[in-house]
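J.: quick check, what structure comes out for this input:
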Amino acid sequence: MYEGFSMAGKNALITGGTRGIGLAIAKGFLQSGANVTVASRKQENVDAAVSELGNPDQVLGVAAHVGKEEHRDRLIAAAEDRFGGIDVLVNNAGTNPFYGNIADSEKWAWDKTLDLNLTVPYVLSIALGNKMMANGGGSILNIASVAGLRASTNQGIYSVTKCALVMLTKVLARDMGHGGVRANAILPGLIKTELSRALWEDEDTLARVVKSAAAGRIGHIDELIGAAVFLSSEAGSYTSGAVIQVDGGMVI
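T.: Model (predicted):
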């Protein structure tokens, strides 16, 4: 195997890391040799993820609501206490509480979606990015969405936050690059996860996506791993500010 994909000695923190895309990335990082801290709100989800990941010497699970400052502080402290400085941050936690025409939405949906999908990645990236620069560098990986490239039907607020997350990624890459920190984004297409259930369970939406995708199908969570490892390892050492679509050719 090309040694650049090795993440041995790297310490990664993954928000929303106990299921779906986050858990798949955690598995990929572990297989590449990294120490991994996964976080989500519910202790039972954390326990299940840690059990599934195995390898207790390289895995830490923390129950934390990353939308709350005190929980974020506790999460970072726990990860650093266990493994040392964090080299890789994966901002994967996200939400889409309102599915429908944006004209019918209410401000609570805007506030909640904006907070978790954009404000939390910003706050964590600033906090850990500054520490990475002080330690010689690191990698920030934001999980955005192809919904951020176009106004997606019934996902208006979600689309806005993911579009903004792409720009946050580019700004972080430019402003932290001098300190050795790279920032990149993965834009999944329709991946079969719990968060996207409303889409792939809707027969019309599923048929439309399958028809529009060059691959002729929706994606699986494991198909995000390769891009995540590349962007977070030395294999991607000259890649920063990149926006990589993993969408089966949905948006070309």
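J.: any buried residues in the helix or strand that contains residue 170, and which?
T.: Assigned by DSSP states H and E, residue 170 falls within helix 156-176. Residues 156-166, 168-170, 172-173, 176 are the ones in helix 156-176 that count as buried (16 or more other CB atoms under 10 Å). C-beta here means a position set from N, CA and C on the backbone, and glycine is covered the same way.
J.: same deal with stretch 172-188?
T.: By neighbour count with 16+ other CB under 10 Å, stretch 172-188 contains the buried residues 172-173, 176, 181-188.
J.: save those as TSV, and put in distance to residue 57, pLDDT and secondary structure too.
T.: Output for the buried residues of stretch 172-188, formatted as TSV (distance: CB to CB, whole Å; pLDDT from 0 to 100; DSSP: H, G, I helix; E, B strand; the rest coil):
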residue	distance to residue 57	pLDDT	secondary structure
172	31	98	helix
173	33	98	helix
176	31	98	helix
181	27	98	strand
182	27	98	strand
183	29	99	strand
184	28	98	strand
185	31	98	strand
186	28	98	strand
187	33	98	strand
188	30	97	strand
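J.: from residue 23, how far out is the nearest residue to residue 168 once chain neighbours are set aside?
T.: Leaving aside its sequence neighbours, residue 168 sits nearest to residue 122 (CB to CB, 6 or more residues apart in numbering; 6.0 Å). Distance from residue 122 to residue 23, counting by CB to CB, to the nearest Å: 24 Å.
J.: of those two, who's got more company?
T.: Taking other CB atoms under 10 Å, residue 122 and residue 23 do not tie; residue 23 has more neighbours (23 against 16).
J.: helix or strand: which one has that one?
T.: Taking DSSP H and E as the definition, residue 23 sits inside helix 20-31.
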